[in-house]
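Peer 1: Only the shape, not the letters, is given here:
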């Protein structure tokens, strides 16, 4: 092989390997920084509880946005999250989000009500929920994965969106929903397995 071809091959390899190494470093840094998250969110971000959100396998762009909102006091109702997020820079928060996004999603095993699931599915279809969160609640673009999320967490977060505690143009449609309707939506999305 000529020197010229060897140099070109090495340059191409460097272009392909360096970004992968940088991403790997981001994941490793996120894992190191994200150890404090396990106390509430569980091992690998898959809390077995009902009222704390699963973050292992969650959408990285969404998690980065939310962590930065907690850090900047733009997302109220969680003293713990605000305190933790303020301890990191935006780049560090992005690495934590990248780490948790790299993990395997584990669906909730919270019990769900089959009648509420049917009603919740109809509401989700009629109100455009599936347009952003996907048919299986997998999340589309920067919208979060909510299929298989913990039921109590979904219910409480939807109540915060409804009251305006968490500001979101997309979620403002919840302002007319009753507690029963939010419970039905939570059962539907949590019950997606």
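Peer 2: Yep, that arrived. Just so it is clear, the structure is predicted and the values come from calculations on it, not from any experiment.
Peer 1: which residue packs closest to residue 121, ignoring adjacent ones?
Peer 2: Once flanking residues are discounted, residue 121 sits nearest to residue 188: 4.9 Å by C-beta to C-beta, 6 or more residues apart in numbering. C-beta: built from backbone N, CA, C; applies to glycine.
Peer 1: Could you measure from the residue most central in space within the chain over to residue 84?
Peer 2: Closest to where the C-alpha atoms of the chain average out (C-alpha atoms, centre = their mean) is residue 58, at 3.7 Å. According to C-beta to C-beta, to the nearest Å, residue 58 stands 16 Å off from residue 84.
Peer 1: any idea how the protein splits into domains?
Peer 2: Domain assignment for the chain, taken from automatic domain parsing, gives 3-101, 114-190.
Peer 1: And the helices in the chain?
Peer 2: Along the chain, counting by DSSP state H, helices occupy 3-33, 38-41, 60-71, 79-86, 90-101, 114-126, 129-133, 151-163, 179-190.
Peer 1: can you redo the ones you listed as a markdown table with mean pLDDT?
Peer 2: A markdown table is the format used below for these (pLDDT from 0 to 100):
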| stretch | mean pLDDT |
| --- | --- |
| helix 3-33 | 59 |
| helix 38-41 | 92 |
| helix 60-71 | 94 |
| helix 79-86 | 86 |
| helix 90-101 | 97 |
| helix 114-126 | 97 |
| helix 129-133 | 96 |
| helix 151-163 | 96 |
| helix 179-190 | 98 |
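Peer 1: Select, out of these, the one closest to residue 107.
Peer 2: For residue 107, the closest of these is helix 179-190, at 8.5 Å, according to C-beta to C-beta.
Peer 1: Can you list the helices and strands that the closest one packs against?
Peer 2: helix 114-126, helix 129-133, helix 151-163 (3 or more C-beta pairs under 8 Å, 6 or more residues apart in numbering; DSSP states H and E).
Peer 1: quick one: which of the ones you listed is nearest residue 45?
Peer 2: helix 151-163 (12.7 Å).
Peer 1: elements contacting that closest one?
Peer 2: helix 179-190.
Peer 1: circling back: not counting sequence-adjacent ones, nearest residue to the residue nearest to the centre of the chain?
Peer 2: Residue 58's closest residue in space is residue 145 (C-beta to C-beta, 6+ apart), at 5.6 Å.
Peer 1: ok, that neighbour to residue 190 distance?
Peer 2: Taking C-beta to C-beta, one finds residue 145 at 12 Å from residue 190.
Peer 1: who's more crowded, those two?
Peer 2: Neighbour count, other C-beta atoms under 10 Å: between residue 145 and residue 190, residue 190 has more, with 29 against 23.
Peer 1: So what's the residue count around the closest residue to residue 101 other than its chain neighbours?
Peer 2: Excluding the flanking residues, the one nearest residue 101 by C-beta to C-beta, 6+ apart is residue 60, at 3.6 Å. Residue neighbour count, defined by other C-beta under 10 Å, stands at 19 for residue 60.
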